[in-house]
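Peer 1: Have a look at this prediction, sequence included:
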Amino acid sequence: MSKAPILSPSSPFKLALIQLAIGADKSKNLQHAKSKILEAARHGANVVVLPECFNSPYGTNFFPEYAEPLDGGDSVAMLSSAAKEAGIYLIGGSIPESRQGKIYNTLTAYDPTGKLIGVHNKVHLFDIDVPGKIRFKAKYGKIGVGICYDMRFPELATVAARKGCVAMIYPGAFNMTTGPLHWELLQRARAVDNQMYVAACSPARDLEASYHAWGHSTVVDPTGAVIATCEESETIVYADVDPAQVETIRSSIPLYTQRRFDIYDDVSESVAFDDEGNGTKK
Ligand SMILES: NC(=O)CC(=O)C(=O)O
């Protein structure tokens, strides 16, 4: 049987998901994001989240034009100064990052002094596969992050939960097909499986853009209940996050002490299946 993860010292906090309206003008996107971060802080938010690709229209075809390096880039400079000015932890959505001739979909996180404390490259993205760090430690506890499609792969959230994270936060941009089908369901699934808070922050929907984001930025509690959500327009979604709820649900339904790794197959090993469906470990 496995041991329960040791939750790091943590305290309640107010989470704000900024469902940002994003246009084609990068510098306007940066200014607008900063004003919304400051607005969320004025409303008492301690941890603020921006959506995936908050500085550019959504789509890999836009990446070459909007990409910038993390070191010395305008977006990182804005995010760092906004976190400092607002005095909040900031999960800065994601930006197209240029690095050594390649482009990554990259999330950066900052502490209230503006220091960069976490970087995550979207893991599950067609031809890009760069495992990044998926956790950072805030004074409110450990928080795990992923980007959009990463939400569909339960292992990231499970590993984060097992390492003591109280929340998993995903900047993301589902669309009008997959949004109604899976956006909320996946968040509730990750929350109930891992007994942790899960939040996903989308861009606002822009029907003039080539990609129509689903919106519906949402926060789910460790029981799997939706505690804050919205429709598709620009807005800020606020939720009170209490890490004690994570401990309460994990003590009431003690999945963490009842796991039977001694009888499960090792899921980290890959298995090849033949035509009859018989699996062989590789
Ligand atoms: N946009 C994504 O990365 C993923 C998505 O829309 C989905 O999984 O659905």
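Peer 2: Nice, thanks for sending it over. From a predicted model like this one, the values you see are computed outputs, not experimental measurements.
Peer 1: got the contact list for the residue in the stretch 101-250 of the chain that the ligand sits nearest to?
Peer 2: Going by CB to the nearest ligand atom, the ligand is nearest to residue 178 of the stretch 101-250 of the chain, at 3.0 Å. Quick note: C-beta positions are derived from backbone N, CA and C, even for glycine. Residues near residue 178 by CB atoms under 8 Å, 6 or more residues apart in numbering: residue 214.
Peer 1: How much space separates it from residue 87?
Peer 2: Going from residue 178 to residue 87 by CB to CB, to the nearest Å gives 36 Å.
Peer 1: residue boundaries of the helices in the protein?
Peer 2: Under the criterion DSSP state H, the chain contains helices at 26-42, 63-66, 74-86, 154-162, 178, 184-194, 243-252, 255-258.
Peer 1: Need these in a markdown table (columns: mean pLDDT and distance to residue 111).
Peer 2: Output for these, formatted as a markdown table (pLDDT from 0 to 100; distance: least, CB to CB, whole Å):
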| stretch | mean pLDDT | distance to residue 111 |
| --- | --- | --- |
| helix 26-42 | 98 | 14 |
| helix 63-66 | 96 | 26 |
| helix 74-86 | 98 | 7 |
| helix 154-162 | 92 | 19 |
| helix 178 | 94 | 33 |
| helix 184-194 | 98 | 24 |
| helix 243-252 | 94 | 18 |
| helix 255-258 | 86 | 28 |
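Peer 1: and of the ones you listed, who's closest to residue 217?
Peer 2: Nearest to residue 217, of all the helices of the chain, is helix 184-194, at 10.3 Å by CB to CB.
Peer 1: Can you tell me what sits against the closest one?
Peer 2: By CB under 8 Å, 6+ apart, the residues outside helix 184-194 that reach it are 151-152, 154, 157-158, 160-161, 168, 170, 196-200, 216, 218, 220-224, 226, 229.
Peer 1: and the helices of the chain as TSV, adding distance to residue 96?
Peer 2: Compiled in TSV, these are given as follows (distance: least, CB to CB, whole Å):
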stretch	distance to residue 96
helix 26-42	10
helix 63-66	4
helix 74-86	9
helix 154-162	21
helix 178	21
helix 184-194	24
helix 243-252	33
helix 255-258	37
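Peer 1: show me what contacts residue 152?
Peer 2: Contacts for residue 152 (CB under 8 Å, 6+ apart) come out as 124, 182, 186.
Peer 1: Check residue 171 too.
Peer 2: Here residue 171 is in contact with 49-52, 54, 91, 93-94, 107, 145, 147-148, 200-201 (CB under 8 Å, 6+ apart).
Peer 1: Out of those, which are close to the ligand?
Peer 2: Restricting those to those within reach of the ligand (CB under 6 Å from any ligand atom) leaves residue 148.
Peer 1: Out of the contacts of residue 171, which comes closest to residue 17?
Peer 2: Of the contacts of residue 171, the one sitting nearest to residue 17 (CB to CB) turns out to be residue 201, at 4.0 Å.
Peer 1: count of residues packed around residue 111?
Peer 2: Look at residue 111: counted by other CB atoms under 10 Å, it has 20 neighbours.
Peer 1: typed the wrong thing, it's residue 146
Peer 2: 27.
Peer 1: is it true that it touches residue 157?
Peer 2: Yes. Here residue 146 reaches residue 157: they are 7.3 Å apart, a contact under CB atoms under 8 Å.
Peer 1: Mutual contacts of those two, please.
Peer 2: Shared contacts of residue 146 and residue 157 (CB under 8 Å, 6+ apart): residue 168.
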